[in-house]
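>>> sequence isn't available, so here's the structure alone:
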DNA sequence: GTCGATGCAAAGAATTTGCAGGACC
DNA sequence: GGTCCTGCAAATTCTTTGCATCGAC
């Protein structure tokens, strides 16, 4: 059985985001730091709306436009990875530096719950394929779908 | 190098769709047949909008609501697979019966072009993972991303 | 002080839904 | 003929944009 992971806590990610932001010539502002912290404390891919609500609950609401703009900026800076599981909402999760551990997602077709996992064998196969591949491959994502255990039991 | 495929022409898919539709107790109507034919003659994943335009060009326009409803119905009947490459539009492609050949997609991060490919080694690795996996896995999708050759040259 | 960043509200795009009329079995 | 299906148009949902104001450097 593959390693079902309590997805990595990207220790250092928050700091790296701050640094990278400045290095790229952008301002380090309160909204951006707030968003960075909120994402850094999360364990799974988060949507713009979840982020917005969490910030509001935490007493530091941030305009939606800013949230979307920040998420997009961070994606461009390769600090966040954007994921789309086909339910019409974009999700974002911290991106680890080149060579860092990679994980993928299992999505329950019934309840929509997303679980992260990692698996060496598949990772190697994809890595190898990427080298054989005729065009330049920079990233890959794998999604497994099925009915999760709790939906089967329930 | 993996088999970059001129994605399968699902011969028989159109007929199967018709049959399956009836078997499941739905009416076989003109709009549904028209859509089925249009999809069956396509070689790659198609969006609702592309489908709509193609039908209009072909002189048999169909209301958007019907297109969306049909695509959703066909997905439920497992005649179509819905794909989402993260650009905010859903794509659909014919789904082959259980055990049929499987393919995946390479998406150019620059121009958005989608190429289909298949690869035995990766397929086996994923298949094997699915069995080891702690929860029931019914489907999987792999997306490779990178800058395609023409974007690199251009 | 300048220029980039924020937030509101309005615009946009993709998809869904309500409903009256039309098509299939 | 009854019921399912269609198509229009309006509604929803997620995301982007315009613009006046505010904050970081």
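Arrived safely, thanks for sending. Fair warning: this is a prediction, and the values are worked out from it, not measured in the lab.
>>> and for residue A:61, the neighbour number?
13 (other Cβ atoms under 10 Å in any protein chain shown). Where you see a C-beta, it was placed from the backbone N, CA and C, and this is true even at glycine.
>>> tell me the centre residue of chain A?
The centroid of chain A falls nearest to residue A:93 when counting by Cα atoms, centre = their mean (1.5 Å).
>>> ok, residue A:111 - contacts?
By Cβ atoms under 8 Å, 6 or more residues apart in numbering or on different chains, the residues touching residue A:111 are A:148, A:150-151.
>>> if we can go back for a sec, so how far is chain B from the residue nearest to the centre of chain A?
Taking Cβ to the nearest Cβ, to the nearest Å as the measure, residue A:93 falls 13 Å from chain B.
>>> try residue A:73
From residue A:73 over to chain B the distance is 17 Å, taken as Cβ to the nearest Cβ.
>>> mind naming the longest strand for chain A?
strand A:139-146 (DSSP state E).
>>> residues of that one that come out buried?
For strand A:139-146, a neighbour-count test (16 or more other Cβ atoms under 10 Å in any protein chain shown) marks A:140-146 as buried.
>>> alongside DNA strand D, which residues does chain A contribute?
Contact residues, chain A versus DNA strand D (Cβ under 7 Å from any atom of the strand): A:22, A:27-30, A:47-49, A:64-65, A:68-69, A:72, A:88-90.
>>> on the three-state scheme, residue A:16 is what?
Under the three-state scheme (DSSP: H, G, I helix; E, B strand; the rest coil), residue A:16 adopts helix.
>>> helices or strands next to the one helix or strand residue A:19 maps to in the packing?
Assigned by DSSP states H and E, residue A:19 belongs to helix A:13-23. Counting contacts by 3 or more Cβ pairs under 8 Å, 6 or more residues apart in numbering or on different chains; DSSP states H and E, helix A:13-23 is packed against helix A:30-40.
>>> and the buried residues of strand A:139-146, which two are the farthest apart?
Largest separation among those by Cβ to Cβ: A:140 and A:146, giving 20.0 Å.
>>> so where do the helices sit in chain A?
Taking DSSP state H, the helices of chain A run over residues A:13-23, A:30-40, A:48-57, A:64-76, A:120-132, A:149-153.
>>> could you dump those to a markdown table with mean neighbour count and mean pLDDT?
Output for those, formatted as a markdown table (neighbours: other Cβ atoms under 10 Å in any protein chain shown; pLDDT from 0 to 100):
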| stretch | mean neighbour count | mean pLDDT |
| --- | --- | --- |
| helix A:13-23 | 16 | 96 |
| helix A:30-40 | 18 | 97 |
| helix A:48-57 | 15 | 97 |
| helix A:64-76 | 16 | 98 |
| helix A:120-132 | 17 | 95 |
| helix A:149-153 | 12 | 92 |
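>>> pLDDT score for residue A:92?
Looking at residue A:92, its pLDDT reads 97.
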